[in-house]
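1. next come a sequence and a model predicted from it.
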Amino acid sequence: MTTTRTPRMDYDEALDRFEPVLGLETHVELGTASKMFCGCPTAFGAPPNTQVCPTCLAFPGSLPVANAKAIESTIRIGLALNCSIAEWCRFARKNYFYPDMPKNYQISQYDEPLCYDGHLDIEVDGKTVRIEIERVHLEEDTGKSTHMGGATGRIHGADYSIVDYNRAGIPLVEIVTKPIPGTDRLAPEVARAYVTELREIMRSLGVSDVRMEEGSLRCDVNVSLMPRGSSEWGTRTETKNVNSLRSVERAVRSEIERQAAILAEGGRIVQETRHFHEDTGTTTSGRSKEEAQDYRYFPEPDLLPIAPDPAWVAELKATLPELPSVRRKRLQAEWGLSDKDMEAMHNADAIDLVEATVAAGAPAADARKWWMGELARRANESGTALAGLPITPAQIARVTELVASGELNDKLAREVLEGVLAGEGSPDEVVEKRGLKIVNDEGELSAIVDQVIADNADAADKVRSGKIAAAGALVGGVMRASRGKADAARARAMILEKLGASE
Amino acid sequence: MSLIRKSAAELGALIAAGEASAVEVAEAHLDRMAEVEPKVNAFLHVDREVTLAQARAVDERLRAGERLGPLAGVPIAHKDIFTTADMPTTAASKILEGWRPPYDATVTRRLREAGLVILGKTNLDEFAMGSSTENSAYGPTRNPWDLTRVPGGSSGGSSAAVAAYEAPLSMGTDTGGSIRQPAALTGIVGMKPTYGGSSRYGLIAFASSLDTPGPFARDVLDAALLHETFSGHDPLDSTSIDAPVPSVVEAARQADVSGMRVGVVKEFGGDGYQPGVLARFNEAVALLESLGAKVVEVSCPSFATALPAYYLIAPSECSSNLARFDAMRYGLRVGDDGTRSAEEVMALTRAAGFGPEVKRRIMLGTYALSSGYYDAYYGQAQKVRTVISREFDAAFHQVDVLVSPTTPTTAFPIGERADDPMAMYLADLCTIPSNLAGNAAISVPCGLADEDGLPVGLQVMAPVLGDDRCYRVGAAVEKALESRWGGPLLKEAAAL
């Protein structure tokens, strides 16, 4: 790794002088039960080299057979991205030697992608941005190399490398945008919003688990700059190893700052692959692409062309699920939320959770309040995603029900949630175990009130003499004495009544 | 008559009737192999015990009343390019020396299921690249008719084994003529079925869009019986055709050409053809006419471009297919001393493991597929391929089958063309068009050339899935000629 400091230009200054052009290549591992060209299972995290066979290890004589489900999933992705679907297309071999690619060629698609010419509209900062999709094609994943020894974990300088072929042959869909000009200062946000939207589309289609941290969604970010007023695009770099939504945003920003500094000093951008580093949020140089690698593509002779029946494609199109953007608009209207509230929920990944909570019987406002308030805070504290909290929408719905029926107040409800998150059981079990039910028994409350009045004679006298404001101290005393379980409004009314005062 | 002189159909009948056991038949052939292999070198791998264990298992299945096909218990020589789980598979290359596949090819499996007994793995040009079996990393196979001559290739071990009575049947693969040409050069029957008529699963790929498994036998009926045994759709090979296997056994029994329209390919003849080959071919055409066929001349001008197109397409595919031999997962590994990178070990292994012809074709193919050259070479060759297919289609509107000599010459001396790739490539001049178009074609013996007394083959080409026509015509010619000769042509073979 280079230790020389990379010069960078302040982001705002960079954007004053240059306009960015983006391009995004996204790889999605499909969640099919078997691999793309053989019957091996695709489970993540199995012991190395246990999900392999003669075909995905490229043993002599083995042959690929295309996974029909993967072709269907790719067409559905293309349809969801408003693409045209090829009436006839072929797989192609992409030839290059690498130890984690058993055949030393990858079965991919070249000039005949399965889906092409689509678009995806995303919302950024209240504006709709249309991302043009160049192509969506189907290919196979490679195995996974781990480079042992050496400082960087990269092949350069490593003592030796080990390869796990479990991933070799898992179906991989590549989604390539056309160049995206005109994003201006929002380039990082646009990139992030696009990948976020893609991820949600994949989820709604049920074609992939799209876990960036497990590599089932991977993104390559292309960035180039051109001087303001120019119409000629600059040389682009391709940044790989971008493994989270936040990193997508940071990688774009970092490349803009780096390229601007070079261009401002009259330098030239090298066309190359760059690696993103999560820790520093910056990129370092990888393989130069100045001399394009010759992959010697040719049509894959071991497989038949794909010719999807137009009637089948029409049926797939008709049975697509409601897409995330459409759904968000519907839910926003149903829940009566502002654009800003809805965007906040979207950014917090809370929409599914709120919807499920509403489905379990909670009012939308309450569901939103808990997920975006108390639970968001706790998720933030523990550094987990909202969906990763050990609590279910049904449990939240139950808590709101207990509050609505007067059995819990907000303070107690928070304690119940804490108990559920701590693994103490269901909301009802936590209420039971912790003794959190509101004090509804008039006799019990009356006794507590009497005791508090007796213990706070000064305050009681003030109330009797008409200084109603002093009742606050007495209510506080009741809440303390009941350990928060009293209904504060009821306690206040009783205090005033007993002291012969009124609001 | 000794067991080794019998046909596969006769042996199958004897075994089915309980008059001979599979073990007895296998032993007779193993003994013959022990006797002639030092001269012929048809086999790369023989394991008497493995073979006899297979034969015993077949005998037990038959005793248990299992209904097996007409070839149950019949021995077969298997080209060493099909994977076999119980024998090494090398493709005659150093890069796979000693490799034990973990699985049987579909063809292998079907042979076993039908009760055939595998005698061993036969020699070939390395990775099936060649026309003489001289490109084997394990030494050449010799032609049983004349041990100083080649048995053809690439399936030369398979043709020689059958011609030398080491096996009644053998399997070959035909990518540019690798079954028909060696059949012609050794005086036996060899059939290239329709591409996709059988499975390539477990067949080590040379050129995927051309490779076709096919049978060798000493007569047409035996070839047909074997053809029906291993053919048919395989879900493991996407390019295998999901259609019934043509009724080739029935066609071989019919042996009747009356009323058939036979086209003589005008372009295959003349300069460069051995006179004795043309003489026997012309007699065969006259014979067909006398048997009631209507013979016409058909012009297929694009066939002249088949050879150059083939030598772009086949090497292109091979350059990619052979990329997997990289020392990482199986086979030879050279230079892995702990200091060298994976790339260096790959390069050293491939340099040491591949022979000169394989390297030549990998380089040719790599060049033909390169950016900037693709359109002029690979792309253009594919266009030629389309034109050739159309010319076949047009011809088969006129005639039922096309005929030509199988090869321009008879078997050539070992070493004669080894240093002249272009001369070697010409051996496949007449056979290549059917590989490019994917149609069926057979070679049957049609006599001996006057100049050298060596066998000449008649090629009969039929449309895609018209394999039965090859057998019908081939069987008719065989029947008429054998009655003229007073027996099979092989009786004339002197060397063994």
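-> Cool, got the structure. This is a predicted model, so every value here is computed, not measured.
2. ok, the residue in the stretch 101-250 of chain A that chain B sits nearest to - contacts?
-> Going by C-beta to the nearest C-beta, chain B is nearest to A:Asn104 of the stretch 101-250 of chain A, at 3.5 Å. All C-beta atoms are positioned from the backbone trio N, CA, C, and that covers glycine. Shown in contact with A:Asn104 (C-beta atoms under 8 Å, 6 or more residues apart in numbering or on different chains): A:58, A:95-98, B:323-324, B:326.
3. excluding chain neighbours, what is closest to it?
-> In this structure, A:Asn104 finds its nearest non-sequential neighbour in B:Ala323, 3.5 Å apart by C-beta to C-beta, 6 or more residues apart in numbering or on different chains.
4. which SS class is that neighbour?
-> Secondary structure assignment for B:Ala323 (DSSP: H, G, I helix; E, B strand; the rest coil): helix.
5. show me what contacts it?
-> A:95, A:97, A:103-105.
6. can you tell me how far the nearest residue to B:Thr431 once chain neighbours are set aside is from A:Lys411?
-> Excluding the flanking residues, the one nearest B:Thr431 by C-beta to C-beta, 6+ apart is B:Gly177, at 2.9 Å. As judged by C-beta to C-beta, to the nearest Å, B:Gly177 and A:Lys411 stand 89 Å apart.
7. in the longest strand along chain A, what counts as buried?
-> Using DSSP state E, we find that the single longest strand of chain A is strand A:127-140. Buried residues in strand A:127-140, counted by 16 or more other C-beta atoms under 10 Å in any protein chain shown: A:129, A:131, A:133-140.
8. could you dump the residues you listed into CSV and include pLDDT?
-> Output for these, formatted as CSV (pLDDT from 0 to 100):
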residue, pLDDT
A:Val129, 95
A:Ile131, 98
A:Ile133, 98
A:Glu134, 98
A:Arg135, 98
A:Val136, 98
A:His137, 98
A:Leu138, 98
A:Glu139, 98
A:Glu140, 98
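9. burial check on the closest residue to B:Asn439 other than its chain neighbours, number of neighbours?
-> Ranked by C-beta to C-beta, 6+ apart and with sequence neighbours excluded, the top spatial neighbour of B:Asn439 is B:Val464, at 5.0 Å. Counted with other C-beta atoms under 10 Å in any protein chain shown, the neighbours of B:Val464 add up to 20.
10. again, but for the one 4 residues further on
-> Burial measure for B:Asp468: 21 neighbouring residues, criterion other C-beta under 10 Å.
11. looks like it contacts B:Val249 (just checking).
-> No. Contact status for B:Asp468 versus B:Val249: not in contact, 9.0 Å apart, counting by C-beta atoms under 8 Å.
12. any regions of the stretch 251-400 of chain B where pLDDT drops low?
-> Residues of the stretch 251-400 of chain B meeting the criterion pLDDT under 70: none.
13. who in it is up against chain A?
-> Residues of the stretch 251-400 of chain B lying close to chain A (C-beta under 8 Å from any C-beta of the partner chain) are B:316-317, B:319-320, B:323-326, B:328-330, B:342-343, B:346, B:366, B:369-371, B:374, B:378.
14. which of those residues are buried?
-> B:316-317, B:319-320, B:323-326, B:328-330, B:342, B:346, B:366, B:369, B:374, B:378.
15. what helices or strands is the helix or strand encompassing B:Glu35 leaning on?
-> When elements are assigned from DSSP states H and E, B:Glu35 belongs to helix B:22-40. Contacts defined by 3 or more C-beta pairs under 8 Å, 6 or more residues apart in numbering or on different chains; DSSP states H and E place helix B:22-40 against helix B:8-16, helix B:48-63, strand B:75-79, strand B:117-122, helix B:156-163.
16. for the record, mean pLDDT for the first one?
-> Averaged over helix B:8-16, pLDDT sits at 98.
17. ok and it relative to strand B:117-122, angle-wise?
-> 140 degrees (axes from the mean of the first three to the mean of the last three C-alpha atoms, to 10 degrees).
18. and the stretch 1-150 of chain B, which residues reach chain A?
-> B:82-83, B:89, B:91, B:96, B:99, B:101-103, B:105.
19. where along the chain do the strands fall?
-> I went with chain A, as the question did not name one. A:18-29, A:84-85, A:92-95, A:105-108, A:115-124, A:127-140, A:144-148, A:160-164, A:171-177, A:217-227, A:237-242, A:272-277, A:282-288, A:298-299.
20. nope, chain B
-> Going by DSSP E, chain B shows strands at B:43-45, B:75-79, B:117-122, B:169-174, B:189-192, B:212-217, B:261-265, B:294-298, B:401-405, B:440-448, B:455-462.
21. quick one, which of those strands is packed in tightest?
-> The highest average neighbour count among the strands of chain B, using mean count of other C-beta atoms under 10 Å in any protein chain shown, belongs to strand B:189-192 at a mean of 32.
22. give me the pLDDT value at B:Phe216.
-> 98.
23. so it touches B:Val162, yeah?
-> Yes. The pair formed by B:Phe216 and B:Val162 meets the contact definition of C-beta under 8 Å, at 4.9 Å.
24. any shared contact partners between the two?
-> Residues touching both B:Phe216 and B:Val162 by C-beta under 8 Å, 6+ apart: B:169-170, B:188.
25. how much space between B:Lys94 and B:Gly130?
-> Applying C-beta to C-beta to B:Lys94 and B:Gly130 gives a distance of 15 Å.
26. quick one: which of the two has more around it?
-> Remark: of B:Lys94 and B:Gly130, B:Gly130 carries more neighbours, 32 against 18, as counted by other C-beta under 10 Å.
27. what residues does chain A put near chain B?
-> A:54, A:57-66, A:93, A:95, A:97, A:99, A:102-105, A:161, A:163, A:292, A:294, A:296-298, A:301-304.
28. ok, for B:Lys479, nearest residue in space, not its chain neighbours?
-> With C-beta to C-beta, 6+ apart, the residue lying closest to B:Lys479 is B:Ala255, at 5.0 Å.
29. how many neighbours does the one you found have?
-> B:Ala255: 19 neighbours (other C-beta under 10 Å).
30. any idea how far chain B is from A:Ile351?
-> From A:Ile351 across to chain B, the span is 42 Å (C-beta to the nearest C-beta, to the nearest Å).
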